[in-house]
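*Asks:* sharing a model prediction with you, sequence too.
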Amino acid sequence: MSPSPLTLEADPMPIQVYSPSPRERVGRIVSVRGRAQVFEGTVFLRIRDCSGQNLGETWTTAKAGGPQWGDFSVSVKIEGDPLTEDGWLELFSPSEENGSELDFTRVPIRFAFDSSTV
């Protein structure tokens, strides 16, 4: 049985995250698991520090596209050095119409590595 996804509202968010959990300490490779109910199952992910610096990004396809729920699992590599100890895992589905970020979900994370040792 899968763990309960992080949901912040009574209505389920179209992109839900099982891991990492909020404020979890993450290393240079961040393993992300969740489920999505989005167009064609396409989910984009990025990691930012609290200064807004983009540290890594990727995309994946859930096992089913909307209106069905599909599980996804992907790793995001942190390429840069964070300027802050805390950051965000951001997930969204791109609009086919104009590329805007739909179904935006954000999970607070903590960086568990010393950027001077990399």
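*Replies:* Here it is on my side, so go on.

*Asks:* let me see the ranges of the strands in this protein.
*Replies:* For the chain, applying DSSP state E gives strands covering 15-19, 24-26, 29-36, 42-49, 54-61, 70-77, 86-94, 101-111.

*Asks:* let's have the ones you listed in CSV, adding mean pLDDT.
*Replies:* Listed next are the strands of the chain as CSV, based on pLDDT from 0 to 100:
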stretch, mean pLDDT
strand 15-19, 97
strand 24-26, 97
strand 29-36, 98
strand 42-49, 98
strand 54-61, 98
strand 70-77, 98
strand 86-94, 97
strand 101-111, 97
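
*Asks:* ok, the closest residue to residue 24 other than its chain neighbours - contacts?
*Replies:* Excluding the flanking residues, the one nearest residue 24 by Cβ to Cβ, 6 or more residues apart in numbering is residue 109, at 6.0 Å. Any C-beta I mention is one placed from the backbone N, CA and C, and that applies to glycine too. The neighbours of residue 109, taking Cβ atoms under 8 Å, 6 or more residues apart in numbering as the test, are 20, 22, 23, 24, 25, 26, 30, 47, 86, 87, 88, 89.
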